[in-house]
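Student: only the shape, not the letters, is given here:
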């Protein structure tokens, strides 16, 4: 009979690619017949072919027992085939593994060749039971005379430790002795195992530090040195004295080694082991940074990636060293590999400080600027060449990817705004950066830019004039208005522009010239929330301009003011019909104000000038002003208070008024009423009279119900009734009946209990209300003149900017330390607890004035309202007993 070998099977697979499944099905049938043979050579060949098919994805679990048979062969080359098949196909759930315990013990005591094959296979198929049963043989094999057996036994022991951790206690001493083995391969295997074990519990292996340090300074095996350095990286956080001891040898290795893998592992261990601190640490950090910078310039993308990742960990402690290689790092921001670009951005964000922020942001911004070649139209020859060339995927620059552009924009905003703009020294520059970013971003970051524009202008007073100048240009830009609905247009910046111009309109030289831009018909294409701010800004700007016109009023100004009011009224009349409710409401409110002003302007009559020496009309000498008084109608509405940033802890710093108990109910919750049914009292009726008594009772109930309905219809007066006094006997009887009822319900299997406590609902009535008396004067400083604004200069101001990082706090508020006493359900300290008392009055509001004789120490009982009894009923009404639960 002719059998196929493994080579024949492979050739057949290559020759039958069109009908591979049919060929494999036929081959498996042949293997099933061969594997049942008594010839061990034929059985082993069949197992070998099954192993190859298993690599291709065909299951061979049905042949597990035959694999064990081949493993038990006395011939070494057949035994190796059996162990190879076991490694390939066995798992932790294979049933026949329980039959291999004695086989493995026998093979571990056989010839060195069999022992080597058995150790190799055991490391892959070991189970918790096999680890427990074979651990004595493996521990004894650590003293084998052959180094290759000792090395294999050490590596197999690691898998035994993983499956049965109890074995490590017995093998720990023998394993540590192998660090002094004369064979370097055995020592390397031991270090490898110890490194893996120390990752889980480093403190157990601190006693090995002297032996490992000796190997670090004497060994020349790079792979073993890598493992030793990794092991020391795990031990250093638990033994600080190792840091000073390891700095000299690791510095020497970094300076002398040519192995890149060893060099990176040394640098990584220095970072995670805390070796970059102190005087020696600074020199070591400089050496590490220089080596990593060389990696970044390497052509190998893997080296570049790991160098950027490692340098990101150095930046927090030594940012000045990383900043020396700023250009090298920024060159990676435009790398073709997205992972390298992201790591470079992480590093750029980590090394930012006050000195290099502007240069870094400008270089990152340059990556967002579209390339000139992408903007220029191709020539006729280029178009013809592109049409005739074969279709290829166009090259996409990294900066053209929308996702990457979004990340770049967000990183710029994060770098500048971190720690409340700690690294920004010139806020005029930062305002211009935000405006430039809105122009070139081409991604949806308009909301973030809007928030930062408003925040910066609110916090830095010195930048408001420059910001108003730039916002004026944004609003007057028709291109941005037309492209407001395009994706990535950042139209939200117009919200900030209108808000800034409206809030700080006194910085405008000619405010009335901005009004047509705010209410032009194209504004309707904007988002509703932007239109609402446009209306608000237009109203504020007109109010400021009208007040300034009134200060220098001339009769010739009347026509100009009328024209402006007429334009605003006409445009607002159209916006009143806007479907968005906020736009509609603001337009309607502003329209009413302008109609009032328009009526006042129409009724205004210019007064003749006063000529000295001539009689003057008494009407001219009246105290009435020469200008229309309605010009001052709007300006006080928005300029009474100065808008300042609010501190993050302002709300928490508002103290609890004295005498306010947040735990006391303002309105007591309704009591649960459980009415007890009165006991049935059967009245003995005489024969022949029961029907009359029953009918009279029904008639009486109907009459009573009719009287009650009439009393409600005609509005009988309700009067408080005197509370009924319950005797102790009645209280005891009510409590007894309630306990009996609850006991019956508790034993009832069909009753669902309701004794689970419900979470307290928030009650808005518990919010304290204070009087706004004693507040500072509402009159703001008067503006005598408006400074003129020139065209923006190319250079930024050298003014020292002061930023309000803390924000505004309530007057008289003091931030108190958290109390250590008990806390109530509202999160306030419980009254009467032993903790540091809060000052009596921390608020700017005056305390309540309560007369001494009207102090209430507790919540009054609720008034019980009942309907008065009707006179002349002749019968006493029986009131059912009410049980308070």
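Tutor: Cool, the structure landed. All values reported here derive from a predicted model rather than from experimental measurement.
Student: only C-alpha atoms for contact and neighbour calcs from this point on.
Tutor: Noted.
Student: so where do the helices sit in the stretch 501-650 of the chain?
Tutor: Along the stretch 501-650 of the chain, the segments classed as helices by DSSP state H, counting those that start in this stretch run 515-518, 528-551, 557-575, 581-603, 635-639, 650-653.
Student: okay if I get the ones you listed as TSV plus mean pLDDT and distance to residue 167?
Tutor: Below are the helices of the stretch 501-650 of the chain laid out as TSV (pLDDT from 0 to 100; distance: least, CA to CA, whole Å):
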stretch	mean pLDDT	distance to residue 167
helix 515-518	92	81
helix 528-551	93	70
helix 557-575	92	82
helix 581-603	93	74
helix 635-639	86	79
helix 650-653	84	57
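Student: highest mean neighbour count out of those helices?
Tutor: Highest mean neighbour count of the helices of the stretch 501-650 of the chain: helix 528-551, a mean of 22 (counted as mean count of other CA atoms under 10 Å).
Student: just checking, what packs against that one?
Tutor: Secondary-structure packing of helix 528-551 (3 or more CA pairs under 8 Å, 6 or more residues apart in numbering; DSSP states H and E): helix 492-503, helix 515-518, helix 581-603, helix 635-639.
Student: residue 254 touches residue 260, doesn't it?
Tutor: No - taking contacts as CA atoms under 8 Å, residue 254 lies outside contact range of residue 260: 9.6 Å.
Student: ok, the two, which is more surrounded?
Tutor: residue 254 (21 against 13; other CA atoms under 10 Å).
Student: not counting its neighbours along the chain, what's nearest the more buried one?
Tutor: Once flanking residues are discounted, residue 254 sits nearest to residue 263: 5.6 Å by CA to CA, 6 or more residues apart in numbering.
Student: state the mean pLDDT of the strand or helix carrying residue 139.
Tutor: Assessed by DSSP states H and E, residue 139 sits inside helix 128-140. The average of the pLDDT scores along helix 128-140 is 93.
Student: contacting residues around that helix?
Tutor: Residues outside helix 128-140 that contact it (CA atoms under 8 Å, 6 or more residues apart in numbering): 98, 101, 105, 108, 153, 156-157, 160-161, 163-164, 167, 171, 174.
Student: next secondary structure after that helix?
Tutor: Helix 128-140 is succeeded, C-terminally, by helix 147-163 (DSSP H and E).
Student: neighbouring contacts of that following helix?
Tutor: 112, 115-116, 119-120, 122-124, 126-128, 131-132, 135, 138-139, 141-144, 167-168, 175, 183, 185-186, 189-190, 193.
Student: what does stretch 293-300 give?
Tutor: Contact with stretch 293-300 is made by 303, 304, 305, 307, 308, 325, 328, 329, as judged by CA under 8 Å, 6+ apart.
Student: could you check how far the third one is from residue 227?
Tutor: Which is residue 305. 21 Å (CA to CA, to the nearest Å).
Student: for stretch 137-146, buried residues please.
Tutor: 138, 139, 141, 142 (16 or more other CA atoms under 10 Å).
Student: what's the answer for stretch 86-104, then?
Tutor: Buried-residue list, stretch 86-104, by 16+ other CA under 10 Å: 86, 87, 88, 89, 90, 97, 104.
Student: got it, and stretch 505-517?
Tutor: Quick answer for stretch 505-517 (16+ other CA under 10 Å): 505, 506, 507, 508, 509, 510, 511, 512, 514, 515, 517.
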